[in-house]
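Chemist: generate a structure from the sequence data that follows.
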Amino acid sequence: MEEFLQQLLNGLAVGGIYALVALGYTMVYGVLKLINFAHGDLFTIGAYLGMTLLVSSRLAGSLPPVLVLLAVFFMVALLVALVGCLLERAAYRPLRKASRLSAVVSALGASIFFQNAIMLIYGARLYVYPEDWRPDFTVDILGFTVPGVRLLVIVASLVLMLALHAFIQRTRIGAAVRAVAIDQGAARLMGINVDRIISLVFLIGPGLGGAAGLMVGIYYGQIDFTMGWSYGLKAFTAAILGGIGNIPGAMLGGLLLGVIEALSSAYVSMAWKDAIAFLVLILILIIRPTGLLGERVADKL
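Modeler: All right, here's what the predicted structure looks like:
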């Protein structure tokens, strides 16, 4: 039972990261019907920015480590959000009236650009997060010991996901996002600035992805410039699993995918974890092609 609970918590931590990245995919698809293939690379940018800020931050000498970590967390989210907004302005907005294929090609080009830019700036080698900024405490839960960093990742992921859900469901701006997702033409007639809402989506999604990148660096301690491809693929899978274009679906899909991977690694084989996760995805999509919670943004966003 202890081993099962440890793997369950590990799966929830990894799944929370998948869910945060998946939210970026699903929000962009919900509003623009576009798969932002560069989103995984924005996640990588967040991991590298977090490492850079933690290593070079001058706040370290005047503030407690917890406050420094929180400050870096918000700074990374903000900086990656701004990069995401610039990406929308440069790569997607000029193609708004073009075919979807043009936007997809632009997204792939942006992904290649970001990945190579990271490699040229930081180099191709593996980077290690500074040990001083990785929480090393443990917590006793029901008689077994849980690493504190695991709990922090789970709590931070859940807080961000619940905050996003509350923002979308309970604020006027969130209602505007849902309206644009349903029908952009009708939203314009109602006085909603559609371009501003799309820019907001490209702020929120990459911001969450950047925060997830920092979490990966703190959780695993190692990052590399190609990590956006693997995590982006897993997050995209999670979005499809829950129902692409569906915010609660992306959350559920990410958590479920993380738990499946963790349990597969523990009880089957580490080498088979990806195969089992994708097999579950295929089976679910055969049974329910729209994903666990469906894909219609108008009904579920």
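Chemist: the helix ranked longest in the chain packs against which elements?
Modeler: Longest helix of the chain, by residue count under DSSP state H: helix 2-32. Counting contacts by 3 or more C-beta pairs under 8 Å, 6 or more residues apart in numbering; DSSP states H and E, helix 2-32 packs against helix 39-56, strand 144-147, helix 148-170, helix 172-182, helix 194-220, helix 227-242, helix 247-267. C-beta: built from backbone N, CA, C; applies to glycine.
Chemist: kindly report which one of these carries the lowest mean pLDDT.
Modeler: Lowest mean pLDDT of these: strand 144-147, a mean of 80.
Chemist: contacts for that strand?
Modeler: With contact meaning C-beta atoms under 8 Å, 6 or more residues apart in numbering, strand 144-147 is reached by E2, L5, Q6, L9, P135, T138, V139, D140.
Chemist: would you mind measuring from L8 to D136?
Modeler: 22 Å (C-beta to C-beta, to the nearest Å).
Chemist: which one of those two has more residues nearby?
Modeler: Taking neighbours as other C-beta atoms under 10 Å, L8 and D136 compare with L8 leading, 15 against 9.
Chemist: got a pLDDT number for that one?
Modeler: pLDDT at L8 comes out at 89.
Chemist: also G61?
Modeler: 57.
Chemist: what's the answer for S57, then?
Modeler: The pLDDT attached to S57 in the predicted structure is 68.
Chemist: neighbour-wise, which one of the contacts of strand 144-147 leads?
Modeler: With neighbours taken as other C-beta under 10 Å, the top of the contacts of strand 144-147 is L9, carrying 20 neighbours.
Chemist: was I right about that one contacting V155?
Modeler: No: L9 lies out of contact with V155 (C-beta atoms under 8 Å); the separation is 11.4 Å.
Chemist: list the buried residues of the longest helix of the chain.
Modeler: The neighbour-count check on helix 2-32 (16 or more other C-beta atoms under 10 Å) flags 6-7, 9-32 as buried.
Chemist: if we can go back for a sec, widest-spaced pair of the contacts of strand 144-147?
Modeler: Farthest pair in those (C-beta to C-beta) is E2 and P135. Separation: 21.3 Å.
Chemist: nearest residue to L5 in space, please, no chain neighbours.
Modeler: Nearest non-adjacent residue to L5, counting by C-beta to C-beta, 6 or more residues apart in numbering: F144, 6.5 Å away.
Chemist: look up how far V259 lies from the one you found.
Modeler: 18 Å.
Chemist: and what of L142?
Modeler: Distance from L142 to V259, by C-beta to C-beta: 18 Å.
Chemist: compare these two (neighbour count), which wins?
Modeler: V259 (19 against 8).
Chemist: quick check: the closest residue to the more buried one other than its chain neighbours vs G232, distance?
Modeler: Closest residue to V259 apart from its sequence neighbours, by C-beta to C-beta, 6+ apart: G11 at 3.5 Å. G11 sits 19 Å away from G232, going by C-beta to C-beta.
Chemist: and the residue nearest to A176 when sequence neighbours are not counted, helix, strand or coil?
Modeler: Spatial nearest neighbour of A176, excluding adjacent residues (C-beta to C-beta, 6+ apart): I192 at 4.9 Å. Secondary structure state of I192, per DSSP: H, G, I helix; E, B strand; the rest coil, is coil.
Chemist: neighbours of I192, how many?
Modeler: Around I192 sit 18 other residues, with neighbours defined as other C-beta under 10 Å.
Chemist: just the one 4 residues further on next, same as before
Modeler: Other residues near R196 come to 12 when the count uses other C-beta under 10 Å.
Chemist: and V280, by the same measure?
Modeler: Neighbours around V280, by other C-beta under 10 Å: 17.
Chemist: just to confirm, which helix or strand has it in it?
Modeler: Using DSSP states H and E, V280 sits within helix 273-287.
Chemist: which other helices and strands contact that helix?
Modeler: Where contact means 3+ C-beta pairs under 8 Å, 6+ apart, helix 273-287 is packed against helix 227-242, helix 247-267.
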